[in-house]
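*Asks:* Here you go, sequence then predicted model.
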Amino acid sequence: MGREIECGVLEGIGPMDRPEASLPAELRVTGPHVFYDFEAKYLDGSTEVDIPARLSEQEVADVQEQAVAAFETLGCEGLARVDFFYQESADGGPGRFIISELNTMPGFTPTSMFPQMWQATGLSYQDLIVRLIDSALRRPTGLR
């Protein structure tokens, strides 16, 4: 089974800027659960989080690049959280990241993963909200 990794993405600050990715987080299921399911996530506290994820510098760069590429490819705006499975290599070589989900409206309470990843990256909850408002105000209105 792969490790569960998440990465936040924000629209670039300027119109020509690429989106930016947060430090990734890793979800670890403890206790009786095998999977990160509803009970493990919400009901019995069986999930622990590492921010940043336990990855090498190169692996962090890889997951950030893939998260940004997914955001751009799908034409996302504002914010997204990209979830991955990280599959270790059987021969001890580099593993690989497999995108499992792109969430265009991730949880946004102060205890949600998205703001926690940005906090660890150096962007406070308040500054994150300001950045999202600023990027929304820069976007044209109407259908695109």
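*Replies:* In hand now; what should we look at? Numbering: from 1, shown residues only.

*Asks:* Which helix or strand in this structure has the lowest average pLDDT?
*Replies:* None of the helices or strands of the chain scores lower by mean pLDDT, DSSP states H and E than helix 38, at a mean of 66.

*Asks:* Next SSE downstream of that helix?
*Replies:* Following helix 38 in sequence order, the next helix or strand is strand 47-50 (DSSP states H and E).

*Asks:* Which positions within the helix or strand that that following strand is followed by qualify as buried?
*Replies:* The helix or strand immediately downstream of strand 47-50 is helix 57-73, counting by DSSP H and E. For helix 57-73, a neighbour-count test (16 or more other Cβ atoms under 10 Å) marks 59, 60, 62, 63, 64, 66, 67, 68, 69, 70, 71 as buried. (Glycine included, C-beta is placed from N, CA and C.)

*Asks:* Just give me the closest of those to residue 18.
*Replies:* For the buried residues of helix 57-73, the minimum distance to residue 18 (Cβ to Cβ) is 6.3 Å, reached by residue 68.

*Asks:* one step back: of the buried residues of helix 57-73, which is the nearest to residue 112?
*Replies:* residue 67 (16.7 Å).

*Asks:* Which pLDDT does the model give residue 102?
*Replies:* At residue 102, the model reports a pLDDT of 98.
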